[in-house]
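# Give me a 3D structure for the following:
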Amino acid sequence: MSERVPAVVVLTTTDSETAAKELAAGAVEARLGACAQVLGPITSVFRWEGAVQTEPEWRVEIKTAADRVEPLTAHLRERHSYDVPEIVATPLTGGSAEYLSWVVDETR
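Sure, this is the predicted structure:
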């Protein structure tokens, strides 16, 4: 894996399994992510418009190269149904060198 292009996990959540699968597939098809997993349903508790909400959601975890986070974030925002979608990126600080190299290669 290139020392200059580390891998990152980008997370988002959405309100249905179908929407989650579409976000995951769209990111991989656009080469903005090497792979994505859909997990759920999960229960999310959050404050929205002044009230605490409890809702089922599906989480999408997308593995990508650090230099693809900005275009992936823009891609997710354009396709997301939420007014303020959760989009967070967490750098990967270790793992299988072969896998992390594959993540970077698949986003080229």
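# By residue count, what's the longest helix in the chain?
helix 17-29 (DSSP state H).
# And stretch 89-104, what's buried?
Ala89, Leu92, Leu100, Trp102, Val103, Val104 (16 or more other Cβ atoms under 10 Å). Placement of C-beta: from N, CA and C, glycine included.
# Give the rounded mean pLDDT of that stretch.
Mean pLDDT, stretch 89-104: 94.
# from the middle of its chain, how far away would it be?
In terms of Cα atoms, centre = their mean, to the nearest Å, the centre of stretch 89-104 is found 14 Å from the chain centre.
# Going by neighbour count, list what's buried in the longest helix of the chain.
Buried-residue list, helix 17-29, by 16+ other Cβ under 10 Å: Ala19, Ala20, Glu22, Leu23, Ala24, Gly26, Ala27, Val28.
# do stretch 62-77 as well
In stretch 62-77, counting by 16+ other Cβ under 10 Å, buried: Ile62, Lys63, Thr64, Ala65, Ala66, Arg68, Val69, Leu72, Thr73, His75, Leu76.
# related to what we said a few turns ago, could I get the buried residues of stretch 89-104 as a markdown table with distance to His80 and secondary structure?
Shown next, in a markdown table, are these (distance: Cβ to Cβ, whole Å; DSSP: H, G, I helix; E, B strand; the rest coil):
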| residue | distance to His80 | secondary structure |
| --- | --- | --- |
| Ala89 | 15 | strand |
| Leu92 | 23 | coil |
| Leu100 | 27 | helix |
| Trp102 | 27 | helix |
| Val103 | 22 | helix |
| Val104 | 25 | helix |
